[in-house]
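1. pasted the sequence and its predicted model underneath.
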Amino acid sequence: MRYLQTWAVLFLGLPLLACSPGLNWRDVRPDQAPLLALFPCKPDAAERSLPLGDKEVLVKMLVCEADGALFTLASTDVKSESKLGETLDLWRKATLIQMKAGASNEKPFALRGALALPQASKVVAKGNKPDGSALTVHAAWFAVGTTVYQAAVYFSRETADANGAVADTYFSGLRLQ
């Protein structure tokens, strides 16, 4: 009987092992955006200027930190469809330069309902924080209307399999409505 109880506890407890206590996933909608994002923590809203090319743009961000990772969703309205591709490209380059990224793995990123632009991409790159410590980013850039988005997860730990699974959950939770 004791043997059966042990197996029952193990069998029923296995699904709970797949949930990390540090990640409490929830749907979040940025203010007045047609986008729904899945965050593992309650994000704070912020704004900052971001230098892109020869000018600065105002970027609205949602940011939270959970389980040793920083989750961000940022956007800026470029007000012109003709500037979308250039802004996506400049933003990707600025992110990689800022973290002094070495080689990166880049591929196209197609979010259902987003504009099909050749500059829409997803990158996994390793670099450094300003203090020199290691940093890995999984980031995607895409556009909806005249708004450009960057979704990113920054990891300071080197657990590639776990990082990839967490980033995949975050990116698969991006939905346009």
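-> Noted; the coordinates are in hand. Numbers count the residues shown, from 1 in each chain.
2. ok, then the element right after the worst-scoring helix or strand of the chain on mean pLDDT?
-> The weakest-scoring helix or strand in the chain, judged by mean pLDDT, DSSP states H and E, is helix 2-17 (a mean of 35). Using DSSP states H and E, the helix or strand that follows helix 2-17 towards the C-terminus is strand 26-28.
3. distance between the ends of stretch 102-121?
-> Stretch 102-121 has an end-to-end distance of 17 Å (C-alpha to C-alpha, to the nearest Å).
4. return the set of buried residues in it.
-> For stretch 102-121, burial by neighbour count (16 or more other C-beta atoms under 10 Å) applies to 104, 109, 111, 114-115, 117, 119-121. C-beta: built from backbone N, CA, C; applies to glycine.
5. check the residue positioned nearest the centre of the chain and give its pLDDT.
-> With distances taken as C-alpha atoms, centre = their mean, the residue of the chain nearest its centroid is residue 152 (2.4 Å). Looking at residue 152, its pLDDT is 97.
6. now for it: which residues touch it?
-> Counting by C-beta atoms under 8 Å, 6 or more residues apart in numbering, residue 152 makes contact with 71-74, 95, 137-140.
7. hmm, back to that, show me which of the buried residues of stretch 102-121 is closest to residue 81.
-> Minimum distance to residue 81 across these is 8.2 Å, recorded for residue 115 (C-beta to C-beta).
8. what sits against that closest one?
-> So residue 115 contacts 84, 142-144 (C-beta under 8 Å, 6+ apart).
9. tell me how far it lies from residue 141.
-> Separation of residue 115 from residue 141 (C-beta to C-beta, to the nearest Å): 11 Å.
10. equivalent analysis for residue 92, please.
-> Taken as C-beta to C-beta, the span from residue 92 to residue 141 is 5 Å.
11. what's the answer for residue 65, then?
-> For residue 65, the distance to residue 141 - C-beta to C-beta - is 21 Å.
12. also residue 112?
-> Distance from residue 112 to residue 141, counting by C-beta to C-beta: 16 Å.
13. name the SS class of residue 141, please.
-> Three-state call for residue 141 (DSSP: H, G, I helix; E, B strand; the rest coil): strand.
14. repeat that for the one 10 residues further on.
-> Under the three-state scheme (three-state DSSP), residue 151 adopts strand.
15. so where do the strands sit in the protein?
-> Ranges of strands within the chain are 26-28, 35-39, 44-52, 55-66, 69-77, 104-108, 121-128, 134-144, 147-155, 175-176, based on DSSP state E.
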